[in-house]
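> build me a structure from this.
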Amino acid sequence: MKASNNLVPLEEFIDQHVGPLGTEKRSLFEQGYDAFKLGELIKSLRKEKGLTQDELAEKAGTNKAYISRVERNLKDIQFSTLQRIINDGLDANLEITIKPR
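Modelled structure (predicted):
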């Protein structure tokens, strides 16, 4: 298979299509991406553990609709609820890092 000469690193692609780091448009993009990643991480681990949204919701003390909205990035999530979903529902540990921009 022939390699494409049009491939660029993801960071460069985002710079070109969204804007460089430090711009308002890029900051909004990064915030949305972080929320999207969180929902995808929860969904991925839920599926890996063989849980339905109903089962995860029951273990975390919430409801299926809430889990669904979190996984689809349609709901701002409270930290305490996030902890319950991860600790109680997924039997996992939450690790948070803060990186300077």
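> in this protein, what spans have low per-residue confidence?
Scanning the chain for pLDDT under 70 picks out 1-5, 32, 34-35, 101.
> now do the helices in it.
10-17, 24-48, 53-60, 64-71, 79-83 (DSSP state H).
> what angle sits between the second one and helix 10-17?
Taking axes from the mean of the first three to the mean of the last three CA atoms, to 10 degrees, one finds helix 24-48 and helix 10-17 inclined to each other by 140 degrees.
> quick check: buried residues in helix 24-48?
26, 35, 38, 39, 42, 43, 45, 46 (16 or more other CB atoms under 10 Å). Any C-beta I mention is one placed from the backbone N, CA and C, and that applies to glycine too.
> ok, the shortest one next?
Of all the residues in helix 79-83, those buried under the rule 16+ other CB under 10 Å are 81, 82.
> and that helix, C-alpha only, in CSV?
Extracted C-alpha coordinates of helix 79-83, given in CSV (Å, rounded to 0.1, in the frame of the first residue of the first chain):
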residue,chain,number,x,y,z
PHE,A,79,-17.4,15.7,40.2
SER,A,80,-19.1,13.7,43.0
THR,A,81,-21.3,11.9,40.4
LEU,A,82,-18.2,11.3,38.2
GLN,A,83,-16.5,9.7,41.2
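> touching it from outside, list them.
Residues outside helix 79-83 that contact it (CB atoms under 8 Å, 6 or more residues apart in numbering) are 38, 60, 62, 66, 94.
> quick check: residue 89 touching residue 59?
Yes. Counting by CB atoms under 8 Å, residue 89 does reach residue 59; the two are 4.2 Å apart.
> what residues are shared contacts of those two?
Common contacts of residue 89 and residue 59, defined by CB under 8 Å, 6+ apart, comprise residue 51.
> got the contact list for residue 53?
For residue 53, the contacting residues are 46, 64, 67, 68, 71, by CB under 8 Å, 6+ apart.
> list the contacts of the second one.
Contacts for residue 64 were tallied using CB under 8 Å, 6+ apart; they are 53, 54, 57.
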